[in-house]
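Asks: Here is my input, please return the structure:
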Amino acid sequence: MTNISSRKKAWPFCLICILLLIPLGASAGVGDIISLLTTITDTLKNGVGQVLSGIQTINTTITNLEQQVVWPVELINQTKASVGQVRAQFSSLAEQVHSIQANSATLVNPAHLESLLRGGQASNLNQIGASYAQVYLPLPEANKATSTQRNLIDADDALALEGMKTATTSDQASKTMLNVADGLEQEAAASAPGSASILSAQAQVANLQGQAMLQKMLAADLRQHAAKMAHANALRKQSAEATRDLRNDMQQILSRP
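Replies: Model (predicted):
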């Protein structure tokens, strides 16, 4: 330690000796350099330093405004905690509700059809038609029913299958929407300040998708009601034709001598 201290004290003395031994022209150059360095240092301290200090003050003011007024950190943390509590409270209940088995069919063919309809898988749509025919019987052959009856049966089967397939697709879409909602809840509980607009945009997109599926279900329901009215009118028309044929037959019988 003594040697290091003595060396530090010797450095200024050596520097003075070197400056004294340097020629006059060289000494003038060193002085200019020292003067230039001094000027630069003063400029950085007084000019640039003040500007940087002002910028730092503005940044601090903006940060305080964002954290205290625009995005209050304390309120955001409280909101996150509230979202977490609500999620913990209702997630388990929602899972219990979704896990309830509502299947009621006991025979093989009806149970298989019900499982397909309640599965909520669009990939099972092709199997629903065959299972439907096993439960509700296939279309009668041409020699076992009139053409009018076959048309009515075929139209009713088509609309019934359409309603079943649409409901299955809707169930799958509902599961997707629930997963999206669950993801938004998780993101809301761990989101950073300023990301509310992004989460809101995602929620709006999910809402539009849900509205589109709701409109699709409403259209399917309207088609079912229209088909019922058309079927009832067809039966009335058949009854009118049968009454006309009966009247003609009775007239022919009564007109015989």
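Asks: Quick check, Gly163 in contact with Gln224.
Replies: Yes. Using Cβ atoms under 8 Å, Gly163 makes contact with Gln224 at a distance of 5.6 Å. C-beta here means a position set from N, CA and C on the backbone, and glycine is covered the same way.
Asks: Local confidence estimate at Arg236?
Replies: We have a pLDDT of 92 for Arg236.
Asks: and it, how many residues sit next to it?
Replies: 10 (other Cβ atoms under 10 Å).
Asks: Distance of it relative to Asp154?
Replies: 19 Å (Cβ to Cβ, to the nearest Å).
Asks: cool, Gln252 as well?
Replies: For Gln252, the distance to Asp154 - Cβ to Cβ - is 34 Å.
Asks: Which of the two has more residues huddled nearby?
Replies: Asp154 (12 against 9).
Asks: Low-confidence ranges, the stretch 101-250 of the chain, go.
Replies: For the stretch 101-250 of the chain, the stretches with pLDDT under 70 are 193-194.
Asks: again, only using 90
Replies: Scanning the stretch 101-250 of the chain for pLDDT under 90 picks out 101-103, 119-120, 122, 148, 173-210, 212-214, 216-217, 238, 241-242, 245-250.
Asks: all helices of it, in order?
Replies: 108-118, 125-136, 147-190, 196-255 (DSSP state H, counting those that start in this stretch).
Asks: which one of these lies closest to Gln68?
Replies: helix 196-255 (16.9 Å; Cβ to Cβ).
Asks: Neighbours of Ser239, how many?
Replies: Neighbours around Ser239, by other Cβ under 10 Å: 10.
Asks: do Gly129 as well
Replies: Gly129 has 13 nearby residues by other Cβ under 10 Å.
Asks: Repeat that for the one 4 residues further on.
Replies: Neighbour count for Ala133, taken as other Cβ under 10 Å: 15.
Asks: And Ala167, by the same measure?
Replies: With other Cβ under 10 Å as criterion, Ala167 counts 14.
Asks: What residues does it make contact with?
Replies: 117, 217, 220 (Cβ atoms under 8 Å, 6 or more residues apart in numbering).
Asks: middle-most residue in the chain, spatially?
Replies: Val180 (4.0 Å; Cα atoms, centre = their mean).
Asks: Surely that residue touches Ala206?
Replies: Yes. With contacts counted by Cβ under 8 Å, Val180 reaches Ala206, the gap being 4.7 Å.
Asks: what about Pro121, distance to Ser239?
Replies: Just so we're on the same page, residue 121 is Gln rather than Pro. Taking Cβ to Cβ as the measure, Gln121 falls 43 Å from Ser239.
Asks: Please apply the same query to Gln251.
Replies: Separation of Gln251 from Ser239 (Cβ to Cβ): 19 Å.
Asks: which residues does the closest residue to Pro140 other than its chain neighbours contact?
Replies: In space, and not counting its chain neighbours, Pro140 is closest to Arg150: 6.3 Å by Cβ to Cβ, 6 or more residues apart in numbering. Neighbouring residues of Arg150 by Cβ under 8 Å, 6+ apart: 139-140, 142.
Asks: Return the subset of those residues lying in strands.
Replies: Judged by DSSP state E, strands contain none of these.
Asks: can I get those in a markdown table with neighbour count and distance to Tyr132?
Replies: Shown next, in a markdown table, are the contacts of Arg150 (neighbours: other Cβ atoms under 10 Å; distance: Cβ to Cβ, whole Å):
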| residue | neighbour count | distance to Tyr132 |
| --- | --- | --- |
| Leu139 | 12 | 11 |
| Pro140 | 13 | 15 |
| Ala142 | 9 | 21 |
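Asks: Nice, that's everything, thank you.
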